[in-house]
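Visitor: need a structure here:
(one chain, ligands or ions: 3)
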Amino acid sequence: MSAGVAPNAVAAVSEARQWDRLMQMAQLGAIPGDGVNRACLTDLDRQARRLLISWAEALGLGVSVDAIGNLFLRHEGTEPGLAPVLAGSHMDTQPNGGRFDGIWGVLAGLEAVQALREAGIATRRPVEVVAWTNEEGGRFAPGCMGSMAYAGFKPADAWDAVADNDGVTFAAALRQHLALEADIPRRGLGVVDGVAPFAYVEPHIEQGPRLESGGLDIGVVDGIQGSRWFLVEIFGRTDHAGTTPLAMRKDAVQDMLRAIAALNELTHDPDDVLRFTVGRIEVSPNSPNTVADRVRFTIDLRHPDRAVLLARGDAIEGVVQGALRTCTATVTERFHALPSRFDPLVPDAVERAAAALGLKALRMTSGAFHDAQFLVPLCPTGMIFVPCRGGVSHHPSEYSEPSQLAAGARVLTAVLADLANR
Ligand code: GLV
Ligand code: MN
Ligand code: MN
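Guide: Ligands and ions are numbered 1, 2, ... in the order given. Next up is the predicted model:
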């Protein structure tokens, strides 16, 4: 077996099996238009995890869960004491999500491990397939809680008080979840016994248009742009919509509109590199004939350049305060991930594997955030992107061809055979 290529294992990757598993997973939380809504720490999430575990157990993998619900499926190495290679992604989806964001990375990990085993290829290092808890942040903000806690960015109880739209706290949801998975062996959170992973590889659909439009098969991801999330809360006063003159109102909706207009100016970028999104707005008391006394809205800000992300992000609070006419506001930062660059070990292995398999590859930086960025301080990290139709993601019509996903799983298999034998 030459470095970077494991022909028998690569040949054992089954396009049909991987696709069938993806479509089985897509049933759990299916929404109209071929989409999926499977929020983290829900019954649907648990059903998906049980299905994954059933496949892992049939393969003979060791299953374990940590204190924040990260799920690990371990293929033992011939030298079990060596640092493992980790591969995976997440199983939760956006509320109006698709069938591939996240879950494909986990199932590609399983497919690659299955292919290694079927081909009879033993690896020196263990390989652990991982499904991180709450990557999306759609139910409990921010995202990437599982990988952040694993990597020690935050303690596991940092988000205990974060509540979903129904007022359920993350702490309560996690407690219930862990109780329902009490039969699954527990492992320590994060680096156990001082053994950091040897490397982390995350396969994912690109979620953008570059690979498809370039006629390419594989994205060799060399870094991830930075993201900052903010929560803005505007406080006004309720009043009667028919009788209260405008001059007497403290209308939180009107001040929100002023704030967002000012933020659009702050974040305007003729080159369309800086990305600014207000994705959630909650109005209280949410009644047609009452002036709103409270608005909460979220800001998602992204840029690949640290200096730009810091400068524009730091200006947000002042711009919001300056835009208000009658209300008061607070601005809270809830997520701060600086742009990250990957150590060359994994990207180089991905590039070699793609070339050996005759696949057309492109080095690229991810516009989406991923659990991978939180592993960067811990171990060499990288990602494998495959194209998705029209670059569409976070939408039910998100789609990648079975053959494109199989190509990604083959690259992962070769990369794991390479890294886990070092
Ligand atoms: C991940 O889902 C992101 O929003 O980038
Ligand atoms: Mn994802
Ligand atoms: Mn996503």
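
Visitor: C-alpha only now, for contacts and for neighbours.
Guide: Will do.

Visitor: sticking with the closest residue to I384 other than its chain neighbours, tell me its helix or strand.
Guide: Spatially, and ignoring its direct neighbours in sequence, I384 is nearest to P203 (4.5 Å; CA to CA, 6 or more residues apart in numbering). Element membership of P203 [criterion: DSSP states H and E] is strand 199-205.

Visitor: show the pLDDT at the residue in the stretch 201-350 of the chain that ligand 2 sits nearest to.
Guide: For the stretch 201-350 of the chain, the residue closest to ligand 2 is H204, as judged by CA to the ion, at 6.8 Å. pLDDT recorded at H204 is 98.

Visitor: so which bits of this structure are right by ligand 2?
Guide: D101, G102 (CA under 5 Å from the ion).

Visitor: so which helix or strand takes in the residue in the stretch 51-200 of the chain that ligand 1 sits nearest to?
Guide: As assessed by CA to the nearest ligand atom, ligand 1 sits closest to E136 within the stretch 51-200 of the chain, at 4.9 Å. Under the assignment given by DSSP H and E, E136 is not contained in any helix or strand.

Visitor: state the next helix or strand along the chain beyond the strand holding P203.
Guide: The C-terminal neighbour of strand 199-205 among helices and strands, as given by DSSP H and E, is helix 210-213.

Visitor: list the buried residues of that next one.
Guide: R210, L211, E212 (16 or more other CA atoms under 10 Å).

Visitor: OK, contacts around the first one?
Guide: When you say that, I think you mean R210. Residues counted as contacts of R210 (CA atoms under 8 Å, 6 or more residues apart in numbering) are P387, G391.

Visitor: just send the buried residues of helix 210-213 back as TSV, with distance to R74 and pLDDT too.
Guide: Output for the buried residues of helix 210-213, formatted as TSV (distance: CA to CA, whole Å; pLDDT from 0 to 100):
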residue	distance to R74	pLDDT
R210	34	97
L211	32	98
E212	33	98
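
Visitor: ok and the residue in the stretch 1-150 of the chain nearest ligand 2?
Guide: G102 (4.2 Å).

Visitor: what's near enough to touch that residue?
Guide: S89, H90, M91, D92, T93, H204.

Visitor: not counting its neighbours along the chain, what's nearest it?
Guide: Nearest to G102 is H90, by CA to CA, 6+ apart, at 4.5 Å.

Visitor: so what's the residue lying closest to A161 once chain neighbours are set aside scoring on pLDDT?
Guide: Distance criterion CA to CA, 6+ apart; nearest residue to A161, sequence neighbours excluded, is T169 at 5.6 Å. Looking at T169, its pLDDT stands at 98.

Visitor: tally of neighbours for T169?
Guide: 17 (other CA atoms under 10 Å).

Visitor: distance-wise, check it relative to F140.
Guide: 8 Å (CA to CA, to the nearest Å).

Visitor: go on, G318?
Guide: Taking CA to CA, one finds G318 at 26 Å from F140.

Visitor: so which of those two has more stuff around it?
Guide: Between G318 and F140, counted using other CA under 10 Å, the more crowded position is F140 (24 against 10).

Visitor: these two touch, right, the more buried one and T133?
Guide: No. Counting by CA atoms under 8 Å, T133 is not a contact partner of F140; they are 10.7 Å apart.

Visitor: centre of this structure to the edge, which residue is at the far end?
Guide: T243 (47.6 Å; CA atoms, centre = their mean).

Visitor: what about that residue, distance to R237?
Guide: Computed as CA to CA, the T243 to R237 distance reads 14 Å.

Visitor: still on that earlier bit, bridged to the residue nearest to G102, which residues?
Guide: W132 (DSSP bridges).

Visitor: low pLDDT regions in this protein?
Guide: Applying pLDDT under 70 to the chain picks out residues 1-4.

Visitor: OK, contacts around A67?
Guide: With CA under 8 Å, 6+ apart, A67 has these contacts: A156, L178, R186, R187, G188, L189.

Visitor: which SS state does it fall under?
Guide: coil (DSSP: H, G, I helix; E, B strand; the rest coil).

Visitor: shift numbering so it begins at 28
Guide: Sure, I'll start counting at 28 from here, so that last one is A94.

Visitor: now the residue nearest to Q348 when sequence neighbours are not counted: how far from E260?
Guide: In this structure, Q348 finds its nearest non-sequential neighbour in A356, 6.7 Å apart by CA to CA, 6+ apart. Separation of A356 from E260 (CA to CA): 5 Å.
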